[in-house]
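Participant: return atomic coordinates for the entry below.
(2 chains)
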Amino acid sequence: MSVEHMRIVFMGTPEYAAICLQVLLEAGHQVVGVFTQPDRPKGRGGKVEMPLSKLVALEHGIPVFQPRRIRDEGLEDLKALKPDLCVTAAYGQILSQDILDVPPLGTVNVHASLLPEYRGSSPANWVIIKGEKTTGVTTMMTDAGIDTGDILLQKSLDILKNETAGELTLRLARLGAALLLDTIERIKTGTCPRQKQDENKMSYYPMLTKQTGFINWDYSAKEIQNLILGVQPWPGANTGSPWGMIKIISADVMPSDKQALPGTILTADTKQGLIVQTGEGNLLVKLMQAPGGKAMDSKDYLRGHPYKGEGSMKMDEVNT
RNA sequence: CGCGGGGUAGAGCAGUUCGGUAGCUCGUCGGGCUCAUAACCCGGAGGUCGAGGGUUCAAGUCCCUCCCCCGCAA
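Facilitator: Residues are numbered from 1 along each chain as shown, chains lettered A, B, ... in the order given. Take a look at the predicted model:
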């Protein structure tokens, strides 16, 4: 079976997936169909936007399928495409066994972590939140569980200092795409290693929510900094403050000379910026953003919003 | 037509309710004080108030249209 003759169906949704799809196409693989999430209203004004993977597919004239639930409405379409192999990358839907049974060569998933650690839908965010130094990508045979299938190939990647989850995701996508090509090549020649996951070493992390980004000032300054980097670009690290709900985009860890209650505002002036006591160490807020405003240096923000008196970042917390 | 905030000097903001000399905190430039300074004092430059049109003796402010930025919700 040559590359040209292998019929591949791709399933993926956001940029991470679109990069994999793009690389697959540039390598000359025959992608006969793309499954992606339905177009949904996005942004203000409720304008509908198409997933990036759909955009790439349309540019190459590939048929696009957008079932709400592929396991309810997608089986016949998938069968009709007669795929030899399915490839998934951040599709956002769980595949049922009858879907997995369609392609004779199976379904390969490109997961953005070193499995069995960091199973789940947002691994690039969680490795940063957890302060890991290294992560990577894994290609695996998809089975009915969530990221539980047999591992094919892996490649590791060092996490850069001050790297955000968004930046890391892009690097992992490019690395994963290359690994995917390698994996497909080896499947074709029957030389692909295949190994069960060690369940004793597995870890699972849930999908991010708005709540994930709320800063708990009892944590250490380092942990909070990791959170800030790990929840970008979405949902962003938010906290209450004397000025209302604000988003913190970047911050530095500072040693603390004196202990105050976590969340206490130690300094808020236009010379040093905003410095907050945490559970361990202080956090110097660099870039921040108030509702309706643009991201700006905390020193700039304080120029127009002078701070008076005692205060804590635990004020005005949203109670939902 | 999902809800909402915003665009005023290089930066961040006030002023708009109720039209009447363009303000504040910084920065910047010059001078002073100081062993010295991110401190303090004095002085200066820098603005078609997002764009266009309308009302008016007079518009940052009121009316209409448009452009751009952002938060929420999805």
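Participant: return the set of buried residues in stretch A:39-50.
Facilitator: Of all the residues in stretch A:39-50, those buried under the rule 16 or more other CB atoms under 10 Å are A:Met50. Every residue, glycine included, has its C-beta placed from N, CA and C.
Participant: now swap in stretch A:237-246 and tell me
Facilitator: Residues of stretch A:237-246 classed as buried: A:237-243, A:246 (neighbour count, 16+ other CB under 10 Å).
Participant: how about the strands in the stretch 101-250 of chain A?
Facilitator: A:107-111, A:134-141, A:151-158, A:237-239, A:246-248 (DSSP state E, counting those that start in this stretch).
Participant: isn't A:Met6 right up against A:Val31?
Facilitator: No. Using CB atoms under 8 Å, A:Met6 makes no contact with A:Val31, being 10.0 Å away.
Participant: quick one, which of the two is more surrounded?
Facilitator: Taking neighbours as other CB atoms under 10 Å, A:Met6 and A:Val31 compare with A:Val31 leading, 21 against 18.
Participant: which SS class is that one?
Facilitator: Put simply, A:Val31 is strand when judged by DSSP: H, G, I helix; E, B strand; the rest coil.
Participant: wouldn't it be in contact with A:Leu25 here?
Facilitator: Yes. Contact criterion CB under 8 Å: A:Val31 and A:Leu25 qualify, at 6.1 Å.
Participant: what touches both of these two?
Facilitator: A:His60 (CB atoms under 8 Å, 6 or more residues apart in numbering).
Participant: around RNA strand B, pick out the residues from the stretch 151-300 of chain A.
Facilitator: A:210, A:235-236, A:238, A:247, A:270-271, A:289-294, A:296, A:300 (CB under 7 Å from any atom of the strand).
Participant: widest-spaced pair of those residues?
Facilitator: Greatest spatial distance among these (CB to CB): A:Lys210 and A:Lys271, at 33.3 Å.
Participant: which one's more surrounded, those two?
Facilitator: A:Lys210 (13 against 7).
Participant: which residue sits closest to that one, ignoring its sequence neighbours?
Facilitator: Nearest residue to A:Lys210 in three dimensions, chain neighbours excluded: A:Pro235, at 4.8 Å (CB to CB, 6 or more residues apart in numbering).
Participant: what about that neighbour, how many neighbours?
Facilitator: Residues near A:Pro235, counting by other CB under 10 Å: 16.
Participant: residues touching it, list them.
Facilitator: By CB under 8 Å, 6+ apart, the neighbours of A:Pro235 are A:208-210, A:212-213.
Participant: isn't A:Ser203 up against A:Pro123?
Facilitator: No. The criterion here is CB under 8 Å, and A:Ser203 misses it with A:Pro123 at 9.8 Å.
Participant: quick one, which of those two is more surrounded?
Facilitator: Neighbour count, other CB under 10 Å: between A:Ser203 and A:Pro123, A:Pro123 has more, with 28 against 14.
Participant: so where do the helices sit in the stretch 1-150 of chain A?
Facilitator: A:15-26, A:52-59, A:70-73, A:75-81, A:97-100, A:123-129 (DSSP state H, counting those that start in this stretch).
Participant: dump those helices to CSV, plus mean pLDDT and distance to RNA strand B.
Facilitator: Compiled in CSV, those are given as follows (pLDDT from 0 to 100; distance: least, CB to the nearest atom of the strand, whole Å):
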stretch, mean pLDDT, distance to RNA strand B
helix A:15-26, 97, 15
helix A:52-59, 95, 14
helix A:70-73, 93, 19
helix A:75-81, 96, 24
helix A:97-100, 96, 24
helix A:123-129, 97, 15
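Participant: just say which of these is most tucked in.
Facilitator: With neighbours taken as mean count of other CB atoms under 10 Å, the helices of the stretch 1-150 of chain A reach their highest mean count in helix A:123-129, at a mean of 26.
Participant: keeping just the C-alphas, turn that one into PDB.
Facilitator: Taking C-alpha atoms only, helix A:123-129 is exported to PDB below (Å, rounded to 0.1, in the frame of the first residue of the first chain):
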ATOM      1  CA  PRO A 123      -2.500  18.600  28.500                       C
ATOM      2  CA  ALA A 124      -0.500  21.500  27.300                       C
ATOM      3  CA  ASN A 125      -2.200  23.800  29.900                       C
ATOM      4  CA  TRP A 126      -1.900  21.300  32.700                       C
ATOM      5  CA  VAL A 127       1.800  20.600  32.300                       C
ATOM      6  CA  ILE A 128       2.500  24.300  32.700                       C
ATOM      7  CA  ILE A 129       0.100  24.700  35.600                       C
END
